[in-house]
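Visitor: A predicted structure for the sequence below; I have some questions about it.
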Amino acid sequence: MSIAYDAAFSVEGKHLLLTGAGGYLGSAMARLLVAGGAHVIGVGRNGDRLQRLAEELAAGPGRFRPLVLDIADEAGMIKAFEALDVPQLDGLINNAAIGKTGSLRLADKATYMEIYDVSVASVAASIRLLLPALQKAVANSGSASIVNVSSMYGIVSPDPRVYDTEAGRNPPFYGAAKAALLQLTRYSACEFGPLGIRTNAISPGPFPSAEAQQSNPAFVARLANRVPLGRIGQPEEAAGVVAFLLSDASRYVNGANISVDGGWTAW
């Protein structure tokens, strides 16, 4: 099957569902995908933030539809997904996360379970619940794509020297859950690949929020100093890789993890 260059990298007309849409990386993904002509259902817990994003993106060329939902609430997720009015789902981007800090010494079991629930169990549930809509996309257009957003800390451990305090470190429960998400990605790729549904992951590196950049420039400078490219990432740089994995240009990419970290994990 041959395909024109522009069409290969396009997300125009694709129906997508994006979790964590109101966050720093999620909102950048929503902006880029809508700018590319995609129809995006943006899932998040903060209704005000989603509504502001919907108003920002109202001019198109794609569409953004907010869906206020806590994906850790499986009963609520079942009800919300059953009510979705979409002809098919060409792509699912599992980007929701919980931001907490700490260390092995400071963490408790409840926090591990909370992070695992959002980063792994809820991702598996969303894939299972949305499988019929993804299969419709395969039947109608030949393919569908799942993109899971992991982290460089699912691959390597954080450098404690980067952080101001032990309590402020990137926590082990986060990295452990993101590592599990990478393995879930491989399982999904093998189980659903025969159905024409690809599953891949991206592992973002240092993408401190705008608030973190303003409040702690010294921390941001230490992060940048650890990156071979010598700088932190910009949110649209992660969004671009997601768009690639949703496009037909990546139609033979399945079960992969793409590090988007400026080379951090190459050390």
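Guide: Done, it's in. Numbering: from 1, shown residues only.
Visitor: what about the helices in the stretch 51-200 of the chain?
Guide: Along the stretch 51-200 of the chain, the stretches classed as helices by DSSP state H, counting those that start in this stretch are 74-82, 109-116, 122-141, 172-192.
Visitor: include mean pLDDT when you put the ones you listed into a markdown table, please.
Guide: Output for those, formatted as a markdown table (pLDDT from 0 to 100):
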| stretch | mean pLDDT |
| --- | --- |
| helix 74-82 | 95 |
| helix 109-116 | 95 |
| helix 122-141 | 98 |
| helix 172-192 | 97 |
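Visitor: hey, which of these is tucked in deepest?
Guide: helix 172-192 (a mean of 19; mean count of other C-beta atoms under 10 Å). C-beta here means a position set from N, CA and C on the backbone, and glycine is covered the same way.
Visitor: what's the closest of the helices of the stretch 51-200 of the chain to residue 18?
Guide: Each of the helices of the stretch 51-200 of the chain has some distance to residue 18 by C-beta to C-beta; the shortest is helix 122-141, at 10.9 Å.
Visitor: against which helices or strands is that closest one packed?
Guide: Applying 3 or more C-beta pairs under 8 Å, 6 or more residues apart in numbering; DSSP states H and E, we find helix 122-141 packed against strand 15-19, helix 74-82, strand 91-94, strand 144-149, helix 172-192, strand 197-204.
Visitor: format these as CSV; extra columns: distance to residue 251.
Guide: CSV is the format used below for the helices and strands packed on helix 122-141 (distance: least, C-beta to C-beta, whole Å):
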stretch, distance to residue 251
strand 15-19, 16
helix 74-82, 25
strand 91-94, 12
strand 144-149, 9
helix 172-192, 13
strand 197-204, 7
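Visitor: what's the closest of those to residue 57?
Guide: So among those, strand 15-19 is nearest, using C-beta to C-beta, at 11.9 Å.
Visitor: next, the angle helix 122-141 makes with that closest one.
Guide: Here strand 15-19 runs at an angle of 170 degrees relative to helix 122-141 (axes from the mean of the first three to the mean of the last three C-alpha atoms, to 10 degrees).
Visitor: okay, how far is it across stretch 17-28, tip to tip?
Guide: In stretch 17-28, first residue to last residue: 14 Å (C-alpha to C-alpha, to the nearest Å).
Visitor: picking up where we left off before, what's the closest of the helices of the stretch 51-200 of the chain to residue 265?
Guide: So among those, helix 172-192 is nearest, using C-beta to C-beta, at 12.1 Å.
Visitor: run the chain-centre distance for the closest one.
Guide: 13 Å (C-alpha atoms, centre = their mean, to the nearest Å).
Visitor: next: stretch 59-68.
Guide: The answer for stretch 59-68 is 17 Å, by C-alpha atoms, centre = their mean.
Visitor: I'd like to know how far the residue nearest to residue 51 when sequence neighbours are not counted sits from residue 224.
Guide: Closest residue to residue 51 in three dimensions, ignoring its sequence neighbours and counting by C-beta to C-beta, 6 or more residues apart in numbering: residue 66, at 6.0 Å. According to C-beta to C-beta, to the nearest Å, residue 66 and residue 224 sit 33 Å apart.
Visitor: ok, now residue 149?
Guide: 21 Å.
Visitor: the more surrounded of the two?
Guide: Neighbours were counted for residue 149 and for residue 224 using other C-beta atoms under 10 Å; residue 149 has more, 28 against 16.
Visitor: is it true that the more buried one touches residue 94?
Guide: Yes. Taking contacts as C-beta atoms under 8 Å, residue 149 lies within contact range of residue 94: 6.4 Å.
Visitor: for residue 188, what are its contacts?
Guide: Shown in contact with residue 188 (C-beta atoms under 8 Å, 6 or more residues apart in numbering): 127, 146, 148, 199.
Visitor: please repeat the previous calculation with a cut-off of 6 Å.
Guide: By C-beta atoms under 6 Å, 6 or more residues apart in numbering, the residues touching residue 188 are residue 199.
Visitor: what about the residue nearest to residue 64 when sequence neighbours are not counted, how many residues nearby?
Guide: Nearest residue to residue 64, sequence neighbours excluded (C-beta to C-beta, 6+ apart): residue 57, at 4.2 Å. Residues near residue 57, counting by other C-beta under 10 Å, number 22.
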